Structure formats: structure tokens, C-alpha cells
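Colleague: have a look at this prediction, sequence included:
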Amino acid sequence: MKLKAVLCDVDGVLTDGRLHYSAEGEITKIFSARDGWGFKKLKEKGFVLGILSGKDSNALRKRLSDLPIDFQALGQDTKSIGYERFKAKFQLSDSEIAYIGDDELDIPILKQVGFACVPSDAHPAAVAASHEQLPAKGGSGVLRCLADLLCVETNHQPLPKFNNSGPLVGIVGMNVIEDEELVRCVAAEIKAIAAEIEMPIVFKASFDKANRSSIHSYRGIGMSEGLRILGEIKDSLNLPIITDIHEPHQAAPVSEVADILQIPAFLCRQTDLLRAAVATERPLHIKKMQLMAPQELRHTVEKCREFGSKAPILLCERGTLFGYHNLVVDPLSFHQLKALNCPVTFDVTHALQLPGAGKHTTLGRSNMAPHLMRAGVVQGIAAIFVECHPEPQNAKCDGPCATPLSELKALLKEAKALDNFVKSASLPNSE
């Protein structure tokens, strides 16, 4: 019989099972943001969602309030009571329910349901009573793994490998989401171009541009609506997603959609923002501030490592301020960034800026994109960053820097050919 519901334990499944006490004696728990996306996808597919927990706390209730949960049985020492209430409330049979548990207390339910799952670090007795051992530890996205199993069509394209000596990756998209139809059409065209030239692609668009020149500049569509649109593009076009965050509270919800979190150049030293971004366990794309020497990014990398980052950290060159209203790219900076043992990317688009040169906006030199692209790609880097627009003259943000969509294919095709030539030459000291 088809599964209709998912029921989930908390400690050891949605968390790693450890209890954290604040100075006031309040229990706090650490949850994976990836599970939030898993709950969202299961709900979209029509599953009834429930939580069983022998414990109850303010931290747990706060987390559950952010999730599309239909049923909660908290502080229930005998989980079977909560399980029977769940079945009765939604008129479900055992065979229609999937359950995730991790310990001996879960075994009666694991043996009863139609599909029994456990985390990779579950108790051996629970593993023996299950149908499936999921490939994630408790607190590390176990529910998301189950969602991927039950919603096969939402399995997403894996992230390309970012390696300074590997094939060049394109981080390509729009500066900002202007409207849903436009960004969807641009994403579809980018995917078609990438498939034709056989270039790995990550799609980029921002839901908010918080550091505009003027209060009257267009900022974006907002986080909630922007993430919905990016999530639908990710699902429908099977594209990995990157978008930027500006404040620590944005990191967790954005990570439920985005495969990579981007740290804007002016914020690359913001400690709290980096801490929150690292906590999502997503790869980070960190842009070098326009006022910094490349070597100074070592402090940013060290912060991330101190916060426990295990995911890739990509460092992005995007030009250095050289006098008023001018950015200059020093080719030596690529090798200085690579010395920090991170994949290096080149933001071709924003290196073309003339910051603050307009009356209320930043101006740019989009016609110079091919020339600047060549200067960066020959350094042997992991990726180029390019923003495009069907009508740059009508773009709501950074139009003077955007590559016309009609010219994108030629730009990326040349970048790939140049990258292949440079890396096949095996030049000394290319790293």
C-alpha cells in the first residue's frame, strides 16, 4: 500500500541526541536546517507529518513551530500511545506510515509500520528492526534523506566539484529576482546553454540586495517569496542554487533551498554572519572585499575553520578599489588566494563595476567582460561568476555590468575552451 504519512522521533534523529544547557539551566538543542527542507517537500507531496518525542522543551516547540507538522506527541514516555493517536486521528493503517527512530524505545513502532528507517548511527537493535538505514547521522539531515527517498523526482543535481586544477564551473544567473517568469526563463536558457557546451553550472539569483547605492534602488522580491521561486527553479529545472545572505538569521532558512551560501564582499569579515553560515553545513562562496588584499582573506577562512566548517570554502576575486569609482583586478591575486588552499572563483561581472559613478547607482563596463574573463581564466581557477540579463538596459540592478543573455553562450564557450587549454598545458607553479 502507498505510504501516506511520515512520523519522526526527535532526539537522535532530528538532533544528535546531546542535551545542551544554557547558563539559566534551559535546555537547548541543535537541529539541521536540511531537515526543514525535507519536511517542506514531504508536505508538498501530500504526506501527513507527525512528531513523537519522550521529551518536551521550549527549544523543541520553537523548532516545530517553524515546520509544517500536522501532529505532535511530546513528553510521551510510551511512544506507542502517541503512535495510536496519530493513526486514529488521520485514519491511517500501519502500512501507510513511515517512521524514523534511533533507539530501543522505538523498536515496537519500527516493527509495526510499513516503512521503518533509522539514522546511520542508530542503536544496533534499532537497525535490526528497520527496513532502511539512512546515510546520515542523527541531527545531520536524516529526515531530508527520507524525503529524497520518498520524493524521488525531487532528487537534485549534485553540486559540481570546485577544484582549481579541475574543469571550470560556471556560477551563472541574474543579479536579483525581478519577477518569477523572467528569472525562470533565464534559468531555463542558462541550463540549455550549459548542456550544449557541456559546462557544469550553479544558478545564481538574489532575493535581496541589501547594499544598494541609494535608498531608491531596487532591492528584490524578499526572502520568503524569493526562496519559494528559487526552490521551484531548483526542482523543476534540476539546477543547483546559490544565493547570498546578509544577516545571521537568514542563514538557516536560506540553506534549506540553496546549495551554496554566498557572503557578499562588504560582509566577508562579519563574524556572526560567518558563524551562522558555517552552522548550516553548506559550502560558502566568500567574496573578497574591494578594500582588502587577497592575503587578508586568510582571517576569514580561519574564522570559518574555527567555527567547525567542514564544507568547501570558495574564495572569490572581484576586483580591488583603485582610486575613486574604479575597480582593478590584479592577476597575482588569484595565486595569492589559491595559497590559502581553497578553490578560487572570479566574479567577472562585478569586477566591471564603476562603484558610485552614477547619480544614484553604480555604473559598469559590460562590453569588457570577455577581456576580463580571459585574464582570470588563464590563471587556472575553479569557477567564473557571470550575471546576465535579456535586456541589461532595463535591468533593475547592475544592468551596466550584466552580460546580455544573447552573448552568454559565446562567453562561457570561450571560457571553457581557454580553461581546457591552460589546464592541459600543465604549466609549472600553476597552483
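Modeller: All right, it came through fine.

Colleague: I'd assumed residue 401 was in contact with residue 395.
Modeller: No: assessed by CB atoms under 8 Å, residue 395 is found out of contact with residue 401, at 9.1 Å. Any C-beta I mention is one placed from the backbone N, CA and C, and that applies to glycine too.

Colleague: what are the phi and psi angles of the closest residue to residue 267 other than its chain neighbours?
Modeller: Nearest residue to residue 267, sequence neighbours excluded (CB to CB, 6 or more residues apart in numbering): residue 273, at 5.6 Å. The phi/psi pair for residue 273 (degrees, to the nearest 10) reads phi -70, psi -40.

Colleague: next one, pLDDT for residue 273 please.
Modeller: Note on residue 273: pLDDT of 95.

Colleague: offset the numbering so it begins at 10, please.
Modeller: Taking 10 as the first residue, the last one we looked at is residue 282.

Colleague: roughly how far apart are it and residue 339?
Modeller: From residue 282 over to residue 339 the distance is 26 Å, taken as CB to CB, to the nearest Å.

Colleague: what about the two, which has more around it?
Modeller: Comparing residue 282 with residue 339 by other CB atoms under 10 Å, the one with more neighbours is residue 282, at 21 against 14.

Colleague: go ahead and confirm that one touches residue 256.
Modeller: Yes: contact criterion CB under 8 Å: residue 282 and residue 256 qualify, at 6.9 Å.

Colleague: so for residue 344, what pLDDT did the model give?
Modeller: The model's pLDDT for residue 344 equals 93.

Colleague: low pLDDT regions in the stretch 110-259 of the chain?
Modeller: 161-166, 221-223, 225, 227 (pLDDT under 70).

Colleague: show me the helices in it, by range?
Modeller: 116-119, 133-137, 151-159, 189-206, 232-246 (DSSP state H, counting those that start in this stretch).

Colleague: how about the nearest residue to residue 141, chain neighbours excluded?
Modeller: In space, residue 141 is closest to residue 126, 4.7 Å off (CB to CB, 6+ apart).

Colleague: equivalent analysis for residue 209, please.
Modeller: residue 169 (3.5 Å).

Colleague: follow-up on the earlier one: residue 404 and residue 410 - which one has more neighbours?
Modeller: residue 410 (26 against 20).

Colleague: distance of that one from residue 252?
Modeller: Separation of residue 410 from residue 252 (CB to CB) stands at 18 Å.

Colleague: and if you look at residue 265?
Modeller: Between residue 265 and residue 252 the computed distance is 12 Å (CB to CB).

Colleague: swap in residue 284?
Modeller: 19 Å.

Colleague: now residue 322
Modeller: Residue 322 is 17 Å from residue 252, where distance means CB to CB.

Colleague: which residues does the residue nearest to residue 209 contact?
Modeller: Applying CB atoms under 8 Å, 6 or more residues apart in numbering to residue 169 gives the contacts 176, 178, 209-211, 249.

Colleague: out of these, which is nearest to residue 420?
Modeller: Of all those, residue 420 sits closest to residue 210, with 13.0 Å by CB to CB.

Colleague: neighbour count for residue 265 and residue 252, which is higher?
Modeller: residue 252 (25 against 21).

Colleague: find the nearest non-adjacent residue to that one, please.
Modeller: Closest to residue 252 by CB to CB, 6+ apart is residue 267, at 4.9 Å.

Colleague: how many residues are close by the one you found?
Modeller: 27.

Colleague: remind me which helix or strand it belongs to.
Modeller: Counting by DSSP states H and E, there is no helix or strand that carries residue 267.

Colleague: likewise for residue 354?
Modeller: strand 353-356.

Colleague: got it, and residue 325?
Modeller: strand 322-326.

Colleague: what's next to that strand, contact-wise?
Modeller: For strand 322-326, using CB under 8 Å, 6+ apart, the contacting residues are 171, 269, 274, 292-297, 303, 306, 310, 313, 338, 342-343, 346, 349, 351-356, 360, 385, 391-392, 394.

Colleague: next SSE after that strand?
Modeller: Next element after strand 322-326 (DSSP H and E): strand 329-330.

Colleague: and the helix or strand just after that next one, what does it pack against?
Modeller: Toward the C-terminus, strand 329-330 is succeeded by strand 336-337 as the next helix or strand (DSSP H and E). Packed against strand 336-337 by the contact rule (3 or more CB pairs under 8 Å, 6 or more residues apart in numbering; DSSP states H and E) you find strand 329-330.

Colleague: tell me which helix or strand the residue nearest to residue 379 when sequence neighbours are not counted sits in.
Modeller: Nearest residue to residue 379, sequence neighbours excluded (CB to CB, 6+ apart): residue 420, at 6.0 Å. Taking DSSP H and E as the definition, one finds residue 420 inside helix 414-433.

Colleague: ok, the residue nearest to residue 141 - contacts?
Modeller: 107-109, 139-143, 151, 155.
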